[in-house]
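**Q** Following is a predicted model, sequence given first.
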Amino acid sequence: KLYDAVAQLEEALAQSQGAHVGCRKSLSLAYNDVGVLLASEAQLDAAVEWFHKALSTAPDGTKTVATLLNRADCLRQLERPNEALADYQEAARLSAADDPDALWAIR
């Protein structure tokens, strides 16, 4: 069902020619959910690709800390420390910008 929902969101985005911010944000969240599902099934390479899609689909200024952390965790498990560190640092930067007291949540 998740893949069906993703397909419907992709179709809606295509029909709006990529302009509808709400649709792009929903699609980004759906891509993140697919990545989480794949990561829970230890399909880490595939999960990283879905997290990348989530981040690249998100409207400007709406990268989510959760998606960055999800991708970083997978990259760390895949022994790609430099890429993981970059995502962890970006998540920390975004968290600090949104809420300076939220840095405790970054692992």
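**A** Looks like it came in fine. Numbers count the residues shown, from 1 in each chain.
**Q** now Asp87: how far from Lys63?
**A** Separation of Asp87 from Lys63 (CB to CB, to the nearest Å): 10 Å. Where you see a C-beta, it was placed from the backbone N, CA and C, and this is true even at glycine.
**Q** actually Asn32, sorry about that
**A** Distance from Asn32 to Lys63, counting by CB to CB: 11 Å.
**Q** In terms of packing, which of the two has more residues around it?
**A** Shown here are Asn32 and Lys63; by other CB atoms under 10 Å, Asn32 has more neighbours (23 against 17).
**Q** Pretty sure the more buried one sits against Asn70.
**A** Yes - with contact defined as CB atoms under 8 Å, Asn32 reaches Asn70; the gap is 6.6 Å.
**Q** Can you work out which residues contact both of those two?
**A** The contact sets of Asn32 and Asn70 overlap at Phe51 (CB atoms under 8 Å, 6 or more residues apart in numbering).
**Q** Let's check: the centremost residue of the protein is which one?
**A** Geometric centre of the chain, nearest residue: Thr67, 3.2 Å, by CA atoms, centre = their mean.
**Q** and the nearest residue to Pro81 once chain neighbours are set aside, what does it touch?
**A** Spatial nearest neighbour of Pro81, chain neighbours left out: Leu75 (7.7 Å); criterion: CB to CB, 6 or more residues apart in numbering. Shown in contact with Leu75 (CB under 8 Å, 6+ apart): 48, 81, 83-84, 87.
**Q** for the chain, what spans make up the helices?
**A** In the chain, the helices defined using DSSP state H lie at 2-15, 21-40, 44-57, 65-77, 81-98.
**Q** Just send the ones you listed back as JSON lines, with mean pLDDT too.
**A** Formatted as JSON lines, the helices of the chain follow (pLDDT from 0 to 100):
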{"stretch": "helix 2-15", "mean pLDDT": "72"}
{"stretch": "helix 21-40", "mean pLDDT": "88"}
{"stretch": "helix 44-57", "mean pLDDT": "95"}
{"stretch": "helix 65-77", "mean pLDDT": "96"}
{"stretch": "helix 81-98", "mean pLDDT": "90"}
